[in-house]
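K.L.:
my questions concern the predicted model and sequence given below.
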Number of protein chains: 2
Amino acid sequence: MARVYNFSAGPATLPEEVLETAASELVEYGDSGQSVMEMSHRSKEYQAIIDECESLFREVMSIPENYKVLFLQGGASLQFAMVPLNLFKKGKADFAITGQWAKKARAEAARFLECNIVASSDDRTFSYIPELDESKFDKEADYFHICMNNTIYGTYFHKLPNTGDVPLVADISSCILSEPIDVSKFGVLYAGAQKNIGPAGLTVVIVREDLIGNAREGTPTMLDYKTHADNGSMFNTPPTYAIYMCKLVLAWIKAKGGLTAMAEHNKKKAAILYDYLDNSKLFKGTVEKNSRSLMNVPFITGDTDLDKKFIDRCVENGLVNLKGHRSVGGMRASIYNAMPIAGVEKLVDVMKKFEAENI
Amino acid sequence: MARVYNFSAGPATLPEEVLETAASELVEYGDSGQSVMEMSHRSKEYQAIIDECESLFREVMSIPENYKVLFLQGGASLQFAMVPLNLFKKGKADFAITGQWAKKARAEAARFLECNIVASSDDRTFSYIPELDESKFDKEADYFHICMNNTIYGTYFHKLPNTGDVPLVADISSCILSEPIDVSKFGVLYAGAQKNIGPAGLTVVIVREDLIGNAREGTPTMLDYKTHADNGSMFNTPPTYAIYMCKLVLAWIKAKGGLTAMAEHNKKKAAILYDYLDNSKLFKGTVEKNSRSLMNVPFITGDTDLDKKFIDRCVENGLVNLKGHRSVGGMRASIYNAMPIAGVEKLVDVMKKFEAENI
């Protein structure tokens, strides 16, 4: 079968060129006589790979020198605990609740500190980013947490809250590397790899150095940022192959023109889909226009049987994983960096035909 | 360059056939039209992969039904915290100290409970497995911990302690799948994947069901075995590709005749090396005979310059990663399942020639 267009929310489509490269050097990497999977993480060959990966990350995201880039495991879900355990000082934090992941981040943090909800969009199925009233911000909070792009609901923080001296912490799992971001505005950024970075099993944490080294008493060693910062992410064996894949993806992004080019590419793709949705008589987007995500586009027909029929039609056309999350229903097109414009165009073509048949 | 013989302690050599299969289906898995790395972990295609992986694990290791097999992240180092956090009842545990990893397991556990050292082989650089005096075992301990195979020192517990009702917990990172093991004798078995299972970034935990669900208050959700047991290791996105590789390795083991065949193969390899060492006038093994590991064979010449010269000679002959751990010095040949007999024979050939030149 030919390669499908995979609209999965994550793990998600990867650049075909990257997969081809990985396949070609899977058995033997360069002249090392071994697979990257077989390399001792303490070898010169592997050190060069992880160093290049970090260096590409810093270059592509313009990460300031006073931030560490950590290659960890456990996904964003483990960060939900690591953030409060590492940033714990006074024992309270502020949260904007914009979806299930933001809720989960808060629920986990609430096991370790007092969690204040500054705003929530729960009232309308998280279909918008709520206004954040700065007068409600706790100036004594250990951190202020947002989920920057909400994968399930397709919303995005186009404007960041001004949290002053309180570190802004963001889960950027589903928007990392999709457009330029001013890292200096954040205390901690974290992301599971399985959307825009590479395969699942790698978590990238970008943390301002002054926030490292203050972990709460009783924090497991492996959950202390300092453990990993002091050891170049090699306190124990890191997920070596996932880091290698990440390096390939970053090199691909750089070759394409970096995050400015990615943003252009992603805006073009999203516009094709949103423009069609805004004019369709059958399909409609579920998100308020000024909160729309470039990465995840949920939409519905308003008729669950028709939704199902449409999803089946997509599969017949080689467009897979378009079923929406059960909490929103309908469809969701995740159009990360690696989704080509042709994939979105094909989706809109299928939508148009389906609309013509069903209106 | 031709593939080398890689004697790395981990990440380690993988079966060439497995790597070839992985390479051939990296871009497109079966008729799915996508890479395994791109598959939604909630898809039917991926569910089939993780189910087959678990089922092969159960079959190959003869795991009783009252044990869960969990696919986690974070390596053995994270288990050093998860074990005490999950098995905490009275707040004390017994440890046999047979090397650096056993010491680390104890040091981490000591942050959460009282840790008693039942025996240690620290007095002679961990070159043997100490006798365990059952009268010293604490009958009230929450668990008894051993590191079954000591990767750095090349020792192995050929006889298990009889801990009665106290759950025996073992780090089996470097001996899992190397020979049959009676799982029913253990409360918890855990292993990082990067030696005999597959690529780094996957941790396998085999845990008796009655030991799940009692995590100490304040245990992060992701560190609670129950979180993963209740969700088929899919509470969040698991390391999907590493699990797929594990499935391929298990299928390879099964095709070769399972763990009985692996044990035969490994004994044959180890015998070639140990027999030579026992008769060499230049090289000698560092481990007491009755404590020798089948997986990791450390040896020395007694002259560090000569050791270095020998390691260089090995590299010239396509035999890599033979340098011993800095705490033991000399050489170490890790000869996991995937190391062919030809690799060990070639090593002994090079040793013989080197001996002839240097005696």
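P.N.:
Noted; the coordinates are in hand.

K.L.:
from here on, contacts and neighbour counts on C-alpha atoms
P.N.:
Fine.

K.L.:
would you confirm that residue A:298 contacts residue A:327?
P.N.:
No. Contact criterion Cα atoms under 8 Å: residue A:298 and residue A:327 do not qualify, at 11.3 Å.

K.L.:
who's more crowded, these two?
P.N.:
Remark: of residue A:298 and residue A:327, residue A:298 carries more neighbours, 27 against 10, as counted by other Cα atoms under 10 Å in any protein chain shown.

K.L.:
can you list the domains in chain A?
P.N.:
With domains defined by automatic domain parsing, chain A comprises A:17-255, A:258-358.

K.L.:
what's the most buried one of those domains?
P.N.:
Across the domains of chain A, averaging neighbours per residue (mean count of other Cα atoms under 10 Å in any protein chain shown) puts domain A:17-255 on top, at a mean of 21.

K.L.:
between the two ends of that domain, how far is it?
P.N.:
One end of domain A:17-255 sits 12 Å from the other (Cα to Cα, to the nearest Å).

K.L.:
tell me where the stretch 201-350 of chain A has helices.
P.N.:
Assigned helices in the stretch 201-350 of chain A, in chain order: A:225-229, A:240-255, A:258-279, A:304-316, A:341-358 (criterion: DSSP state H, counting those that start in this stretch).

K.L.:
quickly check: the last one near chain B or not.
P.N.:
No. Helix A:341-358 is not in contact with chain B by Cα under 8 Å from any Cα of the partner chain; minimum separation 13.8 Å.

K.L.:
any weak-confidence spans in chain A?
P.N.:
Low-confidence segments of chain A, defined by pLDDT under 70: A:1.

K.L.:
which bits of the stretch 101-250 of chain A sit near chain B?
P.N.:
Contact residues, the stretch 101-250 of chain A versus chain B (Cα under 8 Å from any Cα): A:108, A:111-112, A:198-202, A:218, A:220-222, A:236-241.

K.L.:
what would the helices of the stretch 201-350 of chain A look like in JSON lines with distance to residue A:104?
P.N.:
Rendered in JSON lines, the data for the helices of the stretch 201-350 of chain A read as follows (distance: least, Cα to Cα, whole Å):
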{"stretch": "helix A:225-229", "distance to residue A:104": "21"}
{"stretch": "helix A:240-255", "distance to residue A:104": "25"}
{"stretch": "helix A:258-279", "distance to residue A:104": "28"}
{"stretch": "helix A:304-316", "distance to residue A:104": "28"}
{"stretch": "helix A:341-358", "distance to residue A:104": "31"}
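
K.L.:
any chance you could map the strands in chain A?
P.N.:
With strands called from DSSP state E, chain A shows them at A:5-6, A:67-72, A:92-97, A:114-120, A:143-147, A:149-150, A:155-156, A:168-171, A:188-192, A:203-208, A:284-285, A:296-300, A:319-320, A:331-334.

K.L.:
can you list the strands that the third one pairs with?
P.N.:
Neighbouring strands of strand A:92-97 in its sheet, by DSSP bridges, are strand A:114-120 (parallel), strand A:143-147 (parallel).

K.L.:
name all residues that make contact with the closest residue to chain B within the stretch 251-359 of chain A.
P.N.:
In the stretch 251-359 of chain A, no residue comes nearer to chain B than residue A:321, which is 7.9 Å away by Cα to the nearest Cα. Listed by Cα atoms under 8 Å, 6 or more residues apart in numbering or on different chains, the contact set of residue A:321 reads A:6-9, A:333, B:40.

K.L.:
again, only this time at 6 Å
P.N.:
Each residue near residue A:321 by Cα atoms under 6 Å, 6 or more residues apart in numbering or on different chains is listed here: A:7-8.

K.L.:
how much space is there between the closest residue to residue A:199 other than its chain neighbours and residue B:141?
P.N.:
Excluding the flanking residues, the one nearest residue A:199 by Cα to Cα, 6 or more residues apart in numbering or on different chains is residue B:37, at 5.3 Å. According to Cα to Cα, residue B:37 stands 43 Å off from residue B:141.

K.L.:
and residue A:204, by the same measure?
P.N.:
As judged by Cα to Cα, residue A:204 and residue B:141 stand 38 Å apart.

K.L.:
please apply the same query to residue A:147.
P.N.:
Counting by Cα to Cα, the gap from residue A:147 to residue B:141 is 43 Å.

K.L.:
now do residue A:322
P.N.:
Going from residue A:322 to residue B:141 by Cα to Cα gives 52 Å.

K.L.:
likewise for residue A:298?
P.N.:
Going from residue A:298 to residue B:141 by Cα to Cα gives 53 Å.

K.L.:
equivalent analysis for residue A:90, please.
P.N.:
Per Cα to Cα, residue A:90 is found 36 Å from residue B:141.

K.L.:
next one: residue A:106
P.N.:
From residue A:106 over to residue B:141 the distance is 35 Å, taken as Cα to Cα.

K.L.:
please apply the same query to residue A:25.
P.N.:
Residue A:25 is 49 Å from residue B:141, where distance means Cα to Cα.

K.L.:
now swap in residue A:194 and tell me
P.N.:
Taking Cα to Cα, one finds residue A:194 at 41 Å from residue B:141.

K.L.:
so what's residue A:320 bridging to?
P.N.:
residue A:6.

K.L.:
that one touches residue A:9, doesn't it?
P.N.:
No. Contact criterion Cα atoms under 6 Å: residue A:320 and residue A:9 do not qualify, at 10.9 Å.

K.L.:
distance to residue B:32 added to the domains of chain A, as TSV?
P.N.:
Listed next are the domains of chain A as TSV, based on distance: least, Cα to Cα, whole Å:
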stretch	distance to residue B:32
domain A:17-255	15
domain A:258-358	10
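
K.L.:
quick one: residue A:34 and residue A:28 touch, right?
P.N.:
Yes. Between residue A:34 and residue A:28 there is a contact under Cα under 6 Å: 4.6 Å.

K.L.:
right, I'll call it a day here.
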